[in-house]
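Show me how the following folds:
(one chain, ligands or ions: 2)
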Amino acid sequence: MTDRLHPEIANRLRRTPVRLNRRDFLSAMGVILAATACGGGEDGQTTADDSPDPPLVGSDPFVLGVASGDPTAGEVILWTRLTGELGDDEVPVIWEVAEDEDFSRIVASGWQMASAALAHSVHIDAGGLAPDSSYFYRFRIKGQWTSVTGLTRTLPAAESSPDRLRVALASCQDYSDGYYTAHRHLAEEDVAFVLFVGDYIYEDDDDDGPRVAGLADSFTLEQYRERYEVYRSDENLQEVHRRLPWVMTWDDHEVRGNYAGTVDERDDGEDVLARRMAAYQAYYEHTPVRVAFALEDPANTRIYRSFSYGDLAEFWVLDGRQYRTEQPCDGEQGPPCDEIDDPEATMLGEAQKTWLKEGMANSTAHWRVLGQQTVFVLAEIEDFLMNPDQWDGYRAERRELHEFWVENDVDNLVILTGDLHAAGFATVHADPADTSTPAIGHEIVSTSLSSTSSDQVPARAITMALDTVHYFNLEKRGYSVCEFTRDQLRVEYKVVSTIFELEADLEVDAVFTIDYETNQFSS
Ligand code: FE
Ligand code: CA
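Ligands and ions are numbered 1, 2, ... in the order given. Model (predicted):
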């Protein structure tokens with residue numbers, strides 16, 4: 001999308017937020033002092049002019065940037081969060097969506113009250129937009145501050161037949177493990193959206209990389225908020241959010257490493273629900289997600305959802321954490337234990353699984369795509385299990401999905417995955433344990449943006465020995481770009497040479513092409 005902008009426009013979009021001079025500042029104060037009654041009153045999607053006058057905001061409140069996400073054919077979520085000495089003040093935030101970067105052709109606008117209860121974040125579901133169109137958006141505090149200008153894009157109409165979709169797949173951005181070197185390149189990608197499949201933060205940075213988050217492990221809402229502030233202060237990350245809409249789901253580290261539903265694998269008596277309540281709320285406050293968030297019950301926030309890109313692709317974005325049962329075999333790598341085939345074990349939970357099956361059975365999309373967290377294909381060899389936190393620990397449910405796909409003639413399946421801190425490409429066979437059965441799809445595992453790999457030498461040996469796996473790279477950090485067309489899916493695995501420096505070259509480490517008709521791949 002952004003590549004289609006005139007370079008001059010793109011350059012001007014890099015401007016910093018507008019800072020008021022002293023005269024404007026005093027006149028803004030005059031407006032506030034002169035106000036005898038609050039105009040507008042009710043929070044709403046009325047015109048920006050109807051918004052009540054804001055309290056005096058003493059410093060630029062938009063330093064965490066702007067973001068958009070979950071586009072549909074007519075709407076997009078616009079996000080920002082005000083920071084500064086706001087206390088318990090309520091602050092009306094004006095939003096504007098325009099066709100031009102000077103905002104002379106505003107197509108949608110309104111205002112929303114930012115309050116301390118949600119850390120002064122706002123989520124605007126900006127509607128009335130045209131399908132398959134690019135827009136500029138910004139936020140304002142009336143008479144005082146204006147945010148940077150963001151760019152976003154709607155999806156094609158449901159009944160349309162687009163012939164191309166480019167998506168960037170990304171995950172795992174540990175702040176202290178490295179710089180957001182790959183993000184710089186990601187921000188420049190010509191893609192409809194970024195699909196982010198988890199580990200947006202790490203609750204327990206060990207600060208052993210090139211930079212320091214300087215935070216204690218997050219447990220309380222305040223601690224999680226503070227962590228998001230550190231992560232979101234990174235200008236490369238801000239730039240990716242500013243230039244591209246994101247579709248996001250979470251994995252474990254948004255709460256705590258390897259948590260499963262309400263169970264903490266460390267078994268130290270921790271109240272996982274309390275932690276989830278704080279972590280899910282902070283996640284909502286800092287991400288441009290279209291989810292029904294309830295302040296009364298943050299620990300139960302449904303994030304799984306689906307959407308279509310015309311008739312070319314349908315996406316199911318999954319939650320593999322909130323509803324799962326505890327990992328089998330004490331979560332340990334090694335020979336599979338007796339509980340490995342437990343029919344009661346679940347990654348998705350009953351409600352999500354039913355929703356997924358119904359959606360996939362009824363779908364007429366050309367490609368059926370899962371955006372999800374942990375590695376799906378079998379990763380076990382000679383009785384050595386690589387990681388029971390992955391789908392290998394939830395085999396009965398994986399088998400159930402395979403059987404469902406075969407029964408419903410699903411053979412255009414694409415599984416987009418993160419978590420592993422390594423890139424991979426694998427064939428999904430009709431029978432997960434029998435590679436002589438036909439291919440029904442492929443799994444694309446994106447490497448991490450910045451999170452480094454722990455010692456995974458045995459994992460590597462295992463993966464290289466599996467004949468479903470055709471590519472594996474755990475050394476390099478980056479992301480993947482998937483281009484869906486009618487005839488094929490083309491995947492580019494992109495990596496940077498280092499994340500120990502802020503700037504580094506990007507290169508394409510591997511390219512795979514999947515033929516739509518035959519499900520055969522080439523590289
Ligand atoms: Fe990770
Ligand atoms: Ca993870």
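
how about the strands of the stretch 201-350 of the chain, start to end?
Assigned by DSSP state E, counting those that start in this stretch, the stretch 201-350 of the chain shows strands spanning 246-248, 305-309, 313-317.

Quick check: buried residues in the host helix or strand of Leu401?
Element membership for Leu401 (DSSP states H and E) is helix 395-407. For helix 395-407, burial by neighbour count (16 or more other Cβ atoms under 10 Å) applies to Arg395, Glu397, Arg398, Glu400, Leu401, His402, Trp405. C-beta coordinates here come from the backbone N, C-alpha and C atoms, glycine included.

Out of those, give me the two with the largest separation.
Between any two of the buried residues of helix 395-407, the greatest separation by Cβ to Cβ is 15.4 Å, found for Arg395 and Trp405.

Closest residue of the stretch 151-300 of the chain to ligand 2?
Here the stretch 151-300 of the chain gets closest to ligand 2 at one residue, Asp251, 4.0 Å apart by Cβ to the ion.

likewise the stretch 1-150 of the chain?
For the stretch 1-150 of the chain, Cβ to the ion, closest residue to ligand 2: Gly69, 20.3 Å.

Give me the helices and strands touching the helix holding Leu401, please.
Judged by 3 or more Cβ pairs under 8 Å, 6 or more residues apart in numbering; DSSP states H and E, helix 395-407 is in contact with helix 350-362, strand 423-431, strand 434-445.

Give me the neighbour count for the residue of the stretch 351-500 of the chain found nearest ligand 1.
Nearest residue of the stretch 351-500 of the chain to ligand 1: Ser451, at 4.6 Å (Cβ to the ion). For Ser451, the count of nearby residues is 25 (other Cβ atoms under 10 Å).

likewise Thr485?
Applying other Cβ under 10 Å, we find 16 other residues in the vicinity of Thr485.

same question, Ile444
Other residues lying near Ile444 total 22 when counted by other Cβ under 10 Å.

For it, list the residues it contacts.
The neighbours of Ile444, taking Cβ atoms under 8 Å, 6 or more residues apart in numbering as the test, are Leu169, Val414, Ile415, Leu416, Thr417, Gly424, Phe425, Ser480, Cys482, Val491, Phe512.

Kindly recompute the last result at 6 Å.
Leu416, Val491 (Cβ atoms under 6 Å, 6 or more residues apart in numbering).

ok, it to Val469 distance?
Using Cβ to Cβ, to the nearest Å, Ile444 is found at 12 Å from Val469.

Check the protein for its longest helix and report it.
Counting by DSSP state H, the longest helix found in the chain is helix 272-286.

Give me the buried positions along that helix.
Within helix 272-286, the residues that qualify as buried are 272, 275-286, counting by 16+ other Cβ under 10 Å.

so which of the helices and strands packed on helix 395-407 gets nearest Arg184?
Among those, the nearest to Arg184 by Cβ to Cβ is strand 423-431 (18.7 Å).

any idea of the mean pLDDT in the closest one?
Averaged across strand 423-431, pLDDT comes to 96.

what lines up beside it in the sheet?
Within its sheet, strand 423-431 is paired with strand 434-445 (antiparallel), strand 469-473 (antiparallel), according to DSSP bridges.
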